[in-house]
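Asker: What follows is a predicted structure for the sequence shown.
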Amino acid sequence: MAINYLKMPENKVIITVASTGALVTKKMNPSLPEQPDEIAQSAYDCFNEGAAVIHIHARDKEGKNSGDPAIFIEIHEKIRNKCNIILQDSTGGGHNLTVEQRTGCLEALPEMASLNMGTMVRTIGEGAGTPFMNTRNEIEAFVKRMNQFGIKPEMEVYNVSMIYEANLLIERGLLQKPYCMSLILGMAYQGAQEANMMFLPTYLQYIPDDTYFSALGIGRAQTILGVMGMIFGGNVRVGLEDNLYFQKGELATSNAQLVARMVRIARELGKEPCTPDEARKILGLKHLARCDKEF
């Protein structure tokens, strides 16, 4: 089978930082940024280390997951006052949010938004035993709403079968080239692909043509999978949402620490992290969040 996904320029990589997430808390790692000021500072620190994209979850004042557009707008504004990193909001939300609430972030007009490509069952956290619903109709509704705002979907694939859902969206003309996809291994949900590194080449055999991929490993798989992703010509996602530790038994001190490590490895492989504007051009972002000043 021919493999026709889009490879990054040999000397470049786009690094995304997932700073907060829906499942982890400050009790698990005190360095986790939850409130807008913390998230904005973390984004700026990661931008300075080489991250081009920040994947954003919002929390309310009590630290619970929120889809409130006002909180996302506040986060965006605080980040934009510091740097021009690409804003990618999460429509995953959390177990306490309805499908409608999960799309509230789109009203804040990020440049990108995550699009979960199938249903799984939660096995951890307060929502353990409940479905993380992403039906075919819901996925299509999410995409249509993103298209209304000119927001680029970033498809999150947790198992090989979810690639079929991506192909359906393409067949229906709902996605614009180039396509963006995160290939995830190790999510602790029923229905997710385990963190066996050999599944990454399997993913790559089947992802659609004209697709840039990002490798996303959960927990201790984060660094190894990121390195493999770069070797295969892809991009990388790191951050406390997916991995609370810097190494076994040692909590990460910040998102920036995880970004900095991946940048060091990338440079050893002859790759320089893309700036946000370089990444915008490669990914074909059309809805650019304008900055009031230059960075």
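Answerer: Received the coordinates, thanks.
Asker: So which residues of the stretch 151-295 of the chain form helices?
Answerer: Counting by DSSP state H, counting those that start in this stretch, the segments of the stretch 151-295 of the chain that form helices are 162-171, 199-206, 221-231, 255-268, 276-283.
Asker: Out of these, which gets nearest to residue 29?
Answerer: Proximity to residue 29, assessed across the helices of the stretch 151-295 of the chain by Cβ to Cβ, is greatest for helix 255-268 (10.4 Å). Glycine gets a C-beta too; all of them are placed from N, C-alpha and C.
Asker: mind listing what's buried in that closest one?
Answerer: By 16 or more other Cβ atoms under 10 Å, the buried positions in helix 255-268 come out as 255, 256, 257, 258, 259, 260, 261, 262, 263, 265, 266.
Asker: Tell me where the model's unsure across the stretch 151-295 of the chain.
Answerer: Under the criterion pLDDT under 70, the flagged ranges of the stretch 151-295 of the chain are 287-295.
Asker: Does anything pack onto the helix or strand hosting residue 76? Which helices or strands?
Answerer: Assigned by DSSP states H and E, residue 76 falls within helix 69-80. Other helices and strands packing on helix 69-80, by 3 or more Cβ pairs under 8 Å, 6 or more residues apart in numbering; DSSP states H and E, are helix 36-49, strand 53-56, strand 58-59, strand 86-89.
Asker: With respect to residue 145, which of the ones you listed lies nearest?
Answerer: Across those, residue 145 has its closest neighbour in strand 86-89 (12.1 Å, Cβ to Cβ).
Asker: Any idea which of the helices and strands packed on helix 69-80 gets closest to residue 77?
Answerer: When those are ranked by proximity to residue 77 (Cβ to Cβ), helix 36-49 comes first, at 8.4 Å.
Asker: Just list what the closest one packs against, helices and strands only.
Answerer: Taking 3+ Cβ pairs under 8 Å, 6+ apart as the contact cut, helix 36-49 packs with strand 15-18, strand 53-56, helix 69-80, helix 255-268.
Asker: And the contacts of stretch 171-181?
Answerer: Residues outside stretch 171-181 that contact it (Cβ atoms under 8 Å, 6 or more residues apart in numbering): 6, 112, 140, 143-144, 147, 152-157, 166, 169-170, 207-208, 210-214, 282-284.
Asker: Now do the buried residues in it.
Answerer: The neighbour-count check on stretch 171-181 (16+ other Cβ under 10 Å) flags 174, 175, 178, 179, 180, 181 as buried.
Asker: Equivalent analysis for stretch 5-19, please.
Answerer: So, applying 16+ other Cβ under 10 Å, buried residues of stretch 5-19: 5, 6, 8, 12, 13, 14, 15, 16, 17, 18, 19.
Asker: Closest one of those to residue 232?
Answerer: Out of the buried residues of stretch 5-19, the member with the shortest distance to residue 232 (by Cβ to Cβ) is residue 5, at 8.9 Å.
Asker: any idea how far the closest one is from residue 166?
Answerer: Distance from residue 5 to residue 166, counting by Cβ to Cβ, to the nearest Å: 12 Å.
Asker: Between these two, which contacts overlap?
Answerer: Both residue 5 and residue 166 are contacted by 207, 208, under the criterion Cβ under 8 Å, 6+ apart.
Asker: Grab the nearest non-local neighbour of the most centrally placed residue in the chain.
Answerer: The residue lying closest to the centre of the chain (Cα atoms, centre = their mean) is residue 55, at 4.9 Å. Nearest residue to residue 55 in three dimensions, chain neighbours excluded: residue 18, at 4.1 Å (Cβ to Cβ, 6 or more residues apart in numbering).
Asker: partners of the residue lying closest to residue 283 once chain neighbours are set aside in the sheet?
Answerer: Of all residues beyond its chain neighbours, the one nearest residue 283 is residue 180 (6.0 Å), with distances taken as Cβ to Cβ, 6+ apart. With DSSP bridges as the criterion, residue 180 is bridged to residue 154, residue 212.
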